[in-house]
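**Q** need a 3D model of the following:
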Amino acid sequence: MKAFYRERQRRHQKQLNKYLKYVFNDHIGLVLIFILGGGMFYYSQFLEQVDATFFVGKIIVALVWLIALSIGSLATLVVAADAQFLLPKEDEMSEYFRAAFFHSLKIPSVIIFAVTLGAMPLLIRISHVEWYELIFYLVTLLGLKMIHLRVLIDRLYTFKQSSVYSQTTLVYHWLFSVIIVFSSTLFYSWLGSILIVIYGMILFYAEKKGGRGSFNWLLAIELEQARQKRIAAMINLFTDVPNMATPIRRRRYLDNIIERYSQRYPQTYDYLYIRSFLRGTSYLGVTFRLVLIGMISGLFIDDGRLLLPLFLVIIFGIGFQLVPLYQHYDYQVMTQLYPVPVTEKARAVQRLWTVILSAVLVVFSVIAIIGPVSLDYLLITITAMMIELLFLIKYYLPKRLKR
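**A** Just a heads-up that it's a prediction; the model follows:
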């Protein structure tokens, strides 16, 4: 069964790789590098301003660690047909889930290690811990993640006898996780390691006492389908995923914008594209989130050397994510019958790009004006954004659409 799971894992990874190249493209990589570099720069400056009196820092670290623990679920990779074809192999599913357990632990382990390592300088400043105590924190967090995955596996089974373990839910697990993580950050680093060992031994004993019963195939299939759907929804923000329909929402409160836009640009593709942007979830959602990040950053960043490239990268990212809108209706046969020149599509996309990016430029300009940036950098920032907008509309977009 281990080999069977590994074969499924290989096929699943091969399928994911087809889409990940669109998710982690050069532009997204540039944004991530910029965010990481800027975050590290401000983090280093922040560390110089805190001392042992910054008690809130311990709470922040604990909350960040809990968020890191929530990342990553159990990748069972089961499909609907398994309920019939693997039913004779039900007694051997424990071996299958052992392979699933270690596979599901890989990415969360990397994230936990990175987050824990990043939090150590802050803990050293405010708690006077030593670097060697990183081992205790890693044991605590990795142990909690391993127990989390174990609970996810065991809830797919019924238990022969009523026990503490058979009644344990994820709610209880997260309650224990909160207690253990806060004990580790607020008191002693080794305390969390001791508590995680005790917690694991109790659950192991309760599991053995309860005794596993039958396997719940329907629940396993339902949870895996939900997990796959979440992955597809994330990828669908960057590229089209087969069998992943993008939901359309009415959004009556935007009707006035659609009406005004249609009056100004009454052409066929203008009618289609403005509705796709405002009533779909992919394009509007990405644009809204990026603008929100820029607004929040602009209100708190007082260094124009960091704010300027941040605004420029966000504007470019919004424009880049809107490029696929050009092909949004290519699968519709009726659009091929329209008595409309193909060149009108490019003009319509360019007009929509101009309106959206101009609105973003205005929002960022207002945020920069009311923010803490100095007047000199304010003028430079607004001018640079206007130059970038002209570059994107006049050069970058036409070149991208010709590919």
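**Q** identify the residue nearest the spatially most central residue of the chain in space, chain neighbours excluded?
**A** Most central in the chain under CA atoms, centre = their mean is Met234, positioned 7.3 Å from the mean C-alpha point. Closest residue in space to Met234, ignoring its immediate chain neighbours: Val23 at 7.6 Å, by CB to CB, 6 or more residues apart in numbering. C-beta coordinates here come from the backbone N, C-alpha and C atoms, glycine included.
**Q** doesn't Gly213 lie inside a strand?
**A** Yes: counting by DSSP: H, G, I helix; E, B strand; the rest coil, one finds Gly213 located in a strand.
**Q** quick one: it from Glu90, how far?
**A** 11 Å (CB to CB, to the nearest Å).
**Q** re earlier: centre of the chain to the strand or helix carrying the residue nearest to the centre of the chain, how far?
**A** Secondary-structure element containing Met234, defined by DSSP states H and E: helix 217-235. Relative to the mean C-alpha coordinate of its chain, helix 217-235 is positioned 16 Å out (CA atoms, centre = their mean, to the nearest Å).
**Q** what's it packed up against?
**A** helix 2-23, helix 82-85 (3 or more CB pairs under 8 Å, 6 or more residues apart in numbering; DSSP states H and E).
**Q** and those helices as a markdown table, adding mean neighbour count and distance to Phe364?
**A** Output for the helices and strands packed on helix 217-235, formatted as a markdown table (neighbours: other CB atoms under 10 Å; distance: least, CB to CB, whole Å):
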| stretch | mean neighbour count | distance to Phe364 |
| --- | --- | --- |
| helix 2-23 | 13 | 25 |
| helix 82-85 | 13 | 50 |
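**Q** mind putting the ones you listed into JSON lines with mean pLDDT?
**A** Listed next are these as JSON lines, based on pLDDT from 0 to 100:
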{"stretch": "helix 2-23", "mean pLDDT": "85"}
{"stretch": "helix 82-85", "mean pLDDT": "86"}
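**Q** now the farthest one out in the chain, which residue is it?
**A** If you look at how far each residue of the chain sits from its centre, by CA atoms, centre = their mean, the farthest one is Pro339, at 41.9 Å.
**Q** pLDDT value on that one, please?
**A** On the pLDDT scale, Pro339 is placed at 78.
**Q** same thing with the one 5 residues further on?
**A** In the predicted model, Glu344 carries a pLDDT score of 82.
**Q** which helices and strands sit right next to the helix or strand containing it?
**A** For Glu344, the element it lies in under DSSP H and E is helix 343-370. On a contact count with 3+ CB pairs under 8 Å, 6+ apart, helix 343-370 meets helix 268-279, helix 282-300, helix 304-321, helix 375-391, helix 397-401.
**Q** of all these, which lies closest to Leu144?
**A** helix 282-300 (29.3 Å; CB to CB).
**Q** picking up where we left off before, can you put the helices and strands packed on helix 217-235 in TSV and add distance to Pro309?
**A** Below are those laid out as TSV (distance: least, CB to CB, whole Å):
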stretch	distance to Pro309
helix 2-23	22
helix 82-85	49
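**Q** out of those, which comes closest to Glu130?
**A** Nearest of the helices and strands packed on helix 217-235 to Glu130, taken as CB to CB: helix 2-23 at 38.8 Å.
**Q** got the angle for whichever helix or strand comes after the closest one vs helix 282-300?
**A** Counting by DSSP H and E, the next helix or strand C-terminal to helix 2-23 is helix 26-47. Helix 26-47 and helix 282-300 are oriented at 30 degrees to each other (axes from the mean of the first three to the mean of the last three CA atoms, to 10 degrees).
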